[in-house]
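Asks: Generate coordinates for the sequence data below:
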Amino acid sequence: MTPGTPVGPGRRPGRRDRPAETVLDRRRLLGRAAAATFGVGAGLLAAAPGWAALPEVDMEALIKAAQIDPRRADTAITTGSRDSVLLVERALRDRGLLAATYVDGHFGTSTVAAYAAHQRSLGYAGLDATGLPGLTSLRALGDQRFTVVRPLTPGAVLDFRGARVNSRTRAMLLEAERLLGRQLAISQGSYSTSDPTSAGTHDGGGALDLAVDGMAGTYRTTVVRHLRRVGFAAWLRTPAQGDWPYHIHAVALADTDQSAPAQHQAGDYYLGLNGLANRGPDDGPVVSPVLTWEEYQRS
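Replies: Down below sits the predicted model:
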């Protein structure tokens, strides 16, 4: 495994992090200005005839569904995500991107494809159009239809210990190291296409490989457990599983800059699987409940 390489030509790291000013944002500002000018309180303005608050899309719940649902063998709905997914699916339907039969609260492969088409319609491509919602594209889809609460962004892309990561992933790793009381060595970072054995997992954000040289077997398990505690889908990888040395592979849950293979690994982790092509049972330490970084911070 080699350190993460610089982002290749055409890649615009963090583009989805830059929230575009929406028509709704401008209207809210104008409404507040009018209220201040004419002495109208916020409560009176909100109660004006014909005014109604827009429904809310919980982005944390939406991203969880977008990672889990495409990996399910059925059309079950991820707990807590139904209302948010339905709002997104109805908006995609009304734009002619999703057939009405798939407006069901299940963020399956058809919804993923429709959302990717929406991203392309905004001018995105490659890692910015995988069908995993980013904050800017989600706000654009919801303009005058819904607002976004509990927003997620991966943060800026930066160099860290010889690897490329985003600031959210770095914060997660630093917290796991704080719990461990030990610094870990990154053997491969994110936004990297240098390793053909990764099958594209490291092409986007949130993916890390960590060296385990000199660690006892029990301590390797301890490292995986602490990575899981702070919101990584993490496993100890062995030479028996593939053409690689012993290492720990980690994917940050709910990172909206993930490549499609990393999204699949995150979804499989939620479903109790090992994140490998054989989709075998999870072979890592049990950490329950499974938390994202944001949920961990609130816990």
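
Asks: switch to C-alpha atoms for all contacts and neighbour counts from now on
Replies: Noted.

Asks: Tell me the spacing between Gly284 and Leu127.
Replies: According to Cα to Cα, to the nearest Å, Gly284 and Leu127 sit 29 Å apart.

Asks: tell me the pLDDT at the closest residue to Leu210 other than its chain neighbours?
Replies: Distances taken as Cα to Cα, 6 or more residues apart in numbering put Ile186 closest to Leu210, at 4.6 Å, once the chain neighbours are dropped. pLDDT recorded at Ile186 is 97.

Asks: With Thr153 instead?
Replies: 97.

Asks: That one and Leu236, how far apart?
Replies: Distance from Thr153 to Leu236, by Cα to Cα: 27 Å.

Asks: Ok, Ala171 next?
Replies: Ala171 sits 21 Å away from Leu236, going by Cα to Cα.

Asks: quick one, which of those two is more surrounded?
Replies: Counted by other Cα atoms under 10 Å, Ala171 and Leu236 do not tie: Leu236 has more neighbours, with 21 against 13.

Asks: Show me what counts as buried in stretch 210-228.
Replies: For stretch 210-228, a neighbour-count test (16 or more other Cα atoms under 10 Å) marks 210-212, 220-221, 223-228 as buried.

Asks: Among the residues you listed, name the ones in strands.
Replies: Under the assignment DSSP state E, those contribute 210-211 to strands.

Asks: burial measure for the residue nearest to Leu210, as a count.
Replies: Neighbour tally, Ile186, other Cα under 10 Å: 22.

Asks: Next, work out how far apart it and Gly105 are.
Replies: Distance of Ile186 to Gly105, given as Cα to Cα: 38 Å.

Asks: Please apply the same query to Leu227.
Replies: Noted for Leu227: a distance of 30 Å to Gly105, by Cα to Cα.

Asks: where exactly do the strands run in the protein?
Replies: 56-58, 147-149, 157-160, 163-166, 186-188, 207-211, 232-237, 247-252.

Asks: any residues touching the last one, and which ones?
Replies: It stands for strand 247-252. 169, 206-212, 220, 224, 227, 231-238, 262, 265-266, 292-293 (Cα atoms under 8 Å, 6 or more residues apart in numbering).

Asks: which among these end up buried?
Replies: Neighbour counting over these (16+ other Cα under 10 Å) leaves 169, 206-212, 220, 224, 227, 231-237, 262, 265-266, 292-293 as the buried ones.

Asks: show me the contacts for the nearest residue to His202 once chain neighbours are set aside.
Replies: Excluding its sequence neighbours, the residue lying closest to His202 (Cα to Cα, 6+ apart) is Ser190, at 5.0 Å. Applying Cα under 8 Å, 6+ apart, we find Ser190 in contact with 4, 163-166, 202-208.

Asks: Closest one of those to Gly275?
Replies: The shortest gap between Gly275 and any of the contacts of Ser190 belongs to Ala207, at 12.5 Å (Cα to Cα).
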